[in-house]
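Participant: this one's structure only:
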């Protein structure tokens, strides 16, 4: 008899449920959210599983890739599809979610999604970190402008390199403002340094990625857009038609 499993992934422990072809629950457990622990638990069942499903999420791609490499028949499920299937569930819990996913795998009522390659995930992580540093850099600059404006000191238009000099010029003679601006300018300088490092890394990644490098040949397409698009597509071969991109 065929067996199917569902995993509701959580940060520390995941709820796992195994059902048979008739939908009867065979096994349930809480297993550490680690590939080795989950793989060992499924191996200990004593029977093969037709399909194992887990909902796409922050930890899911990592678990999916490792379990797939271990030879398990695992599927990564589209989040919205699973959520819609569970809307009628009277009591929502990790245990019930695992049961629901197991039943979806048994019935075949699921839609698999692509698991991004490690290189694509690394690119996305770099772009996310770069955007965060850029956002905090702008926050520090805007905060400085806002603080000084309250004292009638207007920064006005300035350049990246001339910003610190303009701030120091305005706070000259204001002891407390000098202390405040000095601390914020030090933070800004640290952020600028790290942001410049991210910029260099993105350009290196574009030069080493054939798809991203090709995209930059399109007018108005720079390194950030090219890497974002290339990491989103990941494997062009998975699209049978341009309409599905």
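Facilitator: That came in fine, so what should we check first? Treat the numbers as computed from the prediction; the structure is a model and nothing was measured. Residues are numbered from 1 along each chain as shown.

Participant: packing partners for the lowest-mean-pLDDT helix or strand in the chain?
Facilitator: The least trusted helix or strand in the chain, going by mean pLDDT, DSSP states H and E, turns out to be helix 79-85, with a mean of 82. Packed against helix 79-85, as judged by 3 or more Cβ pairs under 8 Å, 6 or more residues apart in numbering; DSSP states H and E, are the following elements: helix 94-107. (Glycine included, C-beta is placed from N, CA and C.)

Participant: so for the helix it packs on, mean pLDDT?
Facilitator: The average of the pLDDT scores along helix 94-107 is 90.

Participant: ditto for stretch 195-202
Facilitator: Computed over stretch 195-202, the average pLDDT equals 96.

Participant: same check on stretch 115-127?
Facilitator: Per-residue scores along stretch 115-127 average to 90.

Participant: what's it in contact with?
Facilitator: 61, 64-65, 68, 76, 198, 201-202, 205, 209, 224, 227-228, 230-232, 234-235 (Cβ atoms under 8 Å, 6 or more residues apart in numbering).

Participant: also stretch 68-87?
Facilitator: Counting by Cβ under 8 Å, 6+ apart, 35, 39, 42, 49-57, 60-61, 64, 67, 92, 97, 100-101, 104-105, 109-115 sit against stretch 68-87.

Participant: helices along the protein, start to end?
Facilitator: Taking DSSP state H to define them, one finds helices in the chain at 35-43, 60-69, 79-85, 94-107, 118-149, 163-171, 175-208, 210-215, 223-233.

Participant: dump those helices to a markdown table, plus distance to residue 155 and mean neighbour count.
Facilitator: Formatted as a markdown table, the helices of the chain follow (distance: least, Cβ to Cβ, whole Å; neighbours: other Cβ atoms under 10 Å):
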| stretch | distance to residue 155 | mean neighbour count |
| --- | --- | --- |
| helix 35-43 | 52 | 17 |
| helix 60-69 | 44 | 19 |
| helix 79-85 | 44 | 14 |
| helix 94-107 | 51 | 21 |
| helix 118-149 | 5 | 15 |
| helix 163-171 | 6 | 17 |
| helix 175-208 | 11 | 15 |
| helix 210-215 | 37 | 16 |
| helix 223-233 | 27 | 18 |
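
Participant: to residue 5, which of those helices lies closest?
Facilitator: The closest of those to residue 5 is helix 94-107. By Cβ to Cβ, the value is 5.6 Å.
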